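> show me the folded form of this:
(one chain, ligands or ions: 1)
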Amino acid sequence: MKITVLGCGALGQLWLTALERQGHEVQGWLRVAQPYCSANVVELDGSVSNKTYIANDPRFLNESNLLIVTLKAWQVAPALKNLESLIAPACPVLLLHNGLGTLEELRGLPQPILQGVTTHAATRDGNVIVHVASGITHIGPTSIEAARLSDLAEPLHQALPDVAWHNNVAAAAWQKLAVNCVINPLSVEYDCRNGALADHAAEIQRLCAEMALIMEREGFHSSKENLYSYVMQIVESTTDNLSSMLQDVRAQRRTEIDYINGYAIRRARAQGIALPENGRLYDLIKRKEQSYEHESL
Ligand code: KPL
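Alright, predicted model coming up:
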């Protein structure tokens, strides 16, 4: 297959490396156009792959059979709207980002959109991307046209296992949203690695209760107890991780808060319910972002 990967951060580099190894023709696409991009990945078994790929070739993009988007949530809609005319109308677009809300922003995009949720963990160590934990990438359609694309799961699975196709991927996306609504802002509040959140069980329980409530209203049944035990499992399995939100705050970058707790709060408002603990953390992260936005003025 011919595949373009939009966004060459940690996850983008993992996919470029994995797909090329399987014999696919790949290119990267950087927001600031460059003719080449490099992927420098330490694999799970410790082996190193350091390769350079072509980048930002509009013809390659137009001929691509798949576009994988690994940008931050807030970058997705502006980037895709910019590229829309260069992407073939039938080319599937696979979104792989934290949070929800981009589908609403992409309404009207002609290409079929697949939503993806991944539990692979990769972190940046200087110029190197370290694939720290294997995981599952759940993918699925967001429209009737996209429902015909289930055959894509197999080549993706061959490249970077596991990949699982779900006709109702939104359920997996809400489950991941719940994890991110808890771990990401709390790790910023306590300025700690994920594992240290085990000391804040009461706060985690309150957040899980709120997430179970909104998920139920949105038609994705989950109990607060099940969510709590799932979140604690992720706290433990990612114990040494700095959450993506804490990394963003430390680097004084825009966070994905509007697509994480912000999305849960918007859906709750639409359902006529309040999520006070999510609201408190949303405000906390927004204040942090504003403090460094102001510093850089
Ligand atoms: O997705 C994550 C993130 O950091 O954004 C978790 C699952 C919380 C792992 O760190």
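> per-residue confidence for Glu295?
Looking at Glu295, its pLDDT is 67.
> what residues sit buried inside the worst-scoring helix or strand of the chain on mean pLDDT?
Lowest on mean pLDDT, DSSP states H and E among the helices and strands of the chain sits strand 121-125, with a mean of 87. By 16 or more other Cβ atoms under 10 Å, the buried positions in strand 121-125 come out as Ala121, Ala122, Thr123. Glycine gets a C-beta too; all of them are placed from N, C-alpha and C.
> adding distance to the ligand, write those residues out as JSON lines.
Putting these into JSON lines (distance: Cβ to the nearest ligand atom, whole Å) gives the following:
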{"residue": "Ala121", "distance to the ligand": "6"}
{"residue": "Ala122", "distance to the ligand": "11"}
{"residue": "Thr123", "distance to the ligand": "9"}
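> name the nearest of those residues relative to Asn167.
Checking the buried residues of strand 121-125 against Asn167 by Cβ to Cβ gives Ala121 as the nearest, at 26.3 Å.
> for Glu210, list the residues it contacts.
Shown in contact with Glu210 (Cβ atoms under 8 Å, 6 or more residues apart in numbering): Ala264, Ala268, Leu275, Pro276, Glu277, Asn278.
> go again with 10 Å.
Glu210 makes contact with 178, 181-182, 224, 227, 261, 264-265, 268, 273-279, according to Cβ atoms under 10 Å, 6 or more residues apart in numbering.
> just the buried members of the residues you listed?
178, 181-182, 224, 227, 261, 264-265, 268, 275, 277-279.
> how is Val26 assigned, secondary-structure-wise?
strand (DSSP: H, G, I helix; E, B strand; the rest coil).
> let me redo that: Lys51
Here Lys51 is recorded as strand under three-state DSSP.
> so the spatially closest residue to it that is not a sequence neighbour is in which element?
The shortest distance from Lys51 to any non-neighbouring residue, by Cβ to Cβ, 6 or more residues apart in numbering, is to Ala39 (5.6 Å). In the assignment (DSSP states H and E), Ala39 maps to strand 36-42.
> picking up where we left off before, and the least confident helix or strand of the chain, how far from the chain's centre?
When distances are taken as Cα atoms, centre = their mean, to the nearest Å, strand 121-125 is centred 14 Å away from the chain's centroid.
> residue ranges with poor pLDDT in the stretch 51-200 of the chain?
Applying pLDDT under 70 to the stretch 51-200 of the chain picks out no residues at all.
> can you list contacts of whatever helix or strand Asn82 lives in?
Asn82 is part of helix 73-83 when elements are defined by DSSP H and E. Identification of contacts with helix 73-83 by Cβ under 10 Å, 6+ apart yields 4, 6-7, 29, 31, 58, 61, 67, 69-72, 87, 93, 95-109, 111, 113, 254-260, 262-263.
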